[in-house]
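1. need a structure here:
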Amino acid sequence: MNRLISIFAFSLLLHVSASAAEALTLDQALQLLKAKNLEIKAAAFDERSAKEDIDAVSGKNWGTLTFTQDAARSNDAGNVFGFKLTSREATFGDFGFADFLTPPPGTTNVLTVQPTDLNYPGYRNLFQSKLRYEVPLFTGFMLSSYTDIMKKIKELKSLDKHKIEKQKKYELKKSFYDMALLDSSIKNLNKILDNIHILENTTEEMIAVGYAKKVDLLEVQAKKGNVERLLVQMQSNKKLLYHYISFLLNQKVEHIQTPSSEVSMPKISDAEILAHNIDLQKAATGLKITKDMLKVSQAAYYPTLGAFGEVATADNTFLGNADEHKAYTIGARLSWNLFDGGIDAAKIEKSKIEKLKMQSQVELAKKGILLKIAKIRTEIEGVDVEIASLKKELELANAIYENYEGRYKEKLVSMSDVIIKQSAQIEKILQLQIAKNKRTEKILALEKLANGED
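-> The predicted structure follows:
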């Protein structure tokens with residue numbers, strides 16, 4: 001028998017150890033969040049897409065190399081003569097010399113004779129292969145400015161990704177601390193429920209000996225039902241939290257290891273928060289973009305210079321006599337817009353206004369964040385005082401309930417008095433949970449506002 005008990009106890013210990021090992025810690029959850037959260041993955045794709053935009057713009061500096069293959073058939077006089085010239089196969093006969101040398105009888109002026117070979121040629125094919133390279137040599141700094149803009153847009157996408165990571169991290173941490181507070185409240189309510197069970201048994205015994213009435217038992221049972229209802233609500237909230245944690249981590253989570261202590265107040269100054277705040281970093285990057293956009297507008301005042309080179313071959317058959325019929329062209333083009341009715345000047349002025357506007361928005365964002373910091377810090381100080389007061393009030397409510405429970409047994413107070421004191425005890429527990437939730441939310445909000453590594 002002892003051997004069986006030992007085996008059972010050992011098996012139970014292994015089961016408990018396995019369950020504890022499966023419980024997800026906050027640190028493990030934060031690592032999973034970075035790897036599995038779908039919103040973070042989507043933001044990472046946006047960041048990669050922005051990187052490709054940089055390559056697309058900077059690639060224009062290298063120019064374009066295009067290959068063109070034309071295939072045509074025509075009896076249009078201009079086309080046929082042009083096809084022959086392109087393939088270097090034109091002859092004097094194509095100019096109508098046959099009609100010039102043997103004009104029709106009675107012709108007094110051979111210059112009026114229409115050359116049939118030139119005006120009514122037969123069908124001819126053209127197969128032309130062409131390779132062309134074009135490169136911009138100077139664009140008034142427009143391409144370099146656009147490349148800088150794309151780089152800063154990529155920075156914005158990176159900041160967006162970082163912000164989403166911090167937002168999801170905030171939501172995950174808050175869920176873990178909410179779960180810890182729920183567990184604490186459930187534990188306290190279970191103690192109260194145990195006391196109610198004891199009080200219920202005591203009341204039944206007192207009814208049996210005539211020291212209590214049936215209505216006293218009904219009051220106790222009603223209060224027990226109320227506490228059980230609160231426990232069911234809290235268990236439902238736990239299930240919802242598990243569902244939300246599973247959603248954040250993109251996998252099924254059934255057990256977590258709740259934090260053992262309350263979230264601590266971060267030791268970070270207002271200046272450090274401003275330095276790490278992602279929204280301010282985004283605003284500063286936006287300001288840099290407006291400066292680059294001003295450079296783009298000013299590029300209209302500069303000339304643009306480009307060069308090109310082309311090699312081609314043509315024949316009435318595909319690649320026929322390609323080497324003999326080859327040709328090349330090289331050249332450059334300078335373009336300079338000297339007057340456009342003041343349109344470029346207006347665009348430059350608009351870009352300057354946008355830059356000034358962005359500067360004021362950055363300053364406004366700083367002041368707005370400082371206001372939020374001051375508000376959160378003040379609220380945390382107030383909640384700390386509230387929590388300290390509620391802890392003392394709960395301690396007093398527990399002592400009063402125990403006192404009234406003993407006095408009820410001595411018939412010094414009624415069951416209604418005991419239930420009232422117990423209601424006050426439960427109310428303080430719930431008020432304390434709400435206050436702790438509020439404090440956790442405010443501290444995590446302050447960390448999120450800093451957006452730095454915790």
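2. tally of neighbours for the closest residue to D148 other than its chain neighbours?
-> In space, D148 comes closest to D292 once its chain neighbours are excluded; the distance is 4.8 Å by Cβ to Cβ, 6 or more residues apart in numbering. C-betas here are computed from N, CA, C, even on glycine. Other residues within reach of D292, judged by other Cβ atoms under 10 Å, total 20.
3. ok so D292 is a helix residue?
-> Yes: counting by DSSP: H, G, I helix; E, B strand; the rest coil, D292 falls inside a helix.
4. who's in contact with it?
-> By Cβ atoms under 8 Å, 6 or more residues apart in numbering, D292 lies in contact with S145, Y146, D148, I149, K152.
5. which residues are contacting the strand or helix carrying G331?
-> Under DSSP states H and E, the secondary-structure element containing G331 is strand 326-335. The contact list for strand 326-335 (Cβ under 8 Å, 6+ apart) reads 88, 137, 303-314.
6. M142 versus the residue nearest to D148, what's the distance?
-> 10 Å (Cβ to Cβ, to the nearest Å).
7. what of L181?
-> According to Cβ to Cβ, L181 stands 58 Å off from M142.
8. same thing with T313?
-> T313 sits 35 Å away from M142, going by Cβ to Cβ.
9. before we move on, what about L24?
-> 53 Å.
10. skip the chain neighbours and tell me the closest residue to F81.
-> Closest residue to F81 in three dimensions, ignoring its sequence neighbours and counting by Cβ to Cβ, 6+ apart: D94, at 6.2 Å.
11. any idea how far the one you found is from L85?
-> Here the distance between D94 and L85 works out to 9 Å (Cβ to Cβ).
12. the more surrounded of these two?
-> Just comparing D94 and L85: by other Cβ under 10 Å the higher neighbour count belongs to D94, 16 against 12.
13. for that one, what are its contacts?
-> Counting by Cβ under 8 Å, 6+ apart, D94 makes contact with F81, K84, D117, L118, P121.
14. give me that answer again for 7 Å
-> Contacts for D94 (Cβ atoms under 7 Å, 6 or more residues apart in numbering) come out as F81, K84, D117, L118.
15. so how do I select the buried members of those in PyMOL?
-> In PyMOL, this line selects whichever of the contacts of D94 come out buried by 16 or more other Cβ atoms under 10 Å:
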select buried, resi 81+84+117+118
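16. could you list the buried residues of stretch 364-376?
-> Neighbour-count burial for stretch 364-376, with 16+ other Cβ under 10 Å as criterion, is recorded at A365, K366, I369, I373, I376.
17. would you confirm that the last one contacts K448?
-> Same thing as I376. No: with contacts counted by Cβ atoms under 7 Å, I376 stays clear of K448, the gap being 10.0 Å.
18. now do the end-to-end distance for stretch 54-71.
-> For stretch 54-71, the first-to-last residue distance is 37 Å (Cα to Cα, to the nearest Å).
19. next, format the contacts of D94 as JSON lines and append distance to K409.
-> Below are the contacts of D94 laid out as JSON lines (distance: Cβ to Cβ, whole Å):
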{"residue": "F81", "distance to K409": "124"}
{"residue": "K84", "distance to K409": "123"}
{"residue": "D117", "distance to K409": "132"}
{"residue": "L118", "distance to K409": "130"}
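20. between the contacts of D94, which sits nearest A322?
-> Set against A322, the nearest of the contacts of D94 by Cβ to Cβ is K84 (16.3 Å).
21. which stretches of this structure aren't confidently modelled?
-> For the chain, applying pLDDT under 70 flags the ranges 1-21, 106, 110, 261, 451-454.
22. hey, where'd the strands end up in the stretch 251-400 of the chain?
-> Ranges of strands in the stretch 251-400 of the chain, per DSSP state E, counting those that start in this stretch, are 304-315, 326-335.
23. okay, now L65: neighbour count?
-> 11.
24. measure the residue nearest to D148 to N190 for me?
-> With distances taken as Cβ to Cβ, D292 is found 63 Å from N190.
25. go on, D323?
-> When D323 is compared with N190 (using Cβ to Cβ), they lie 96 Å apart.
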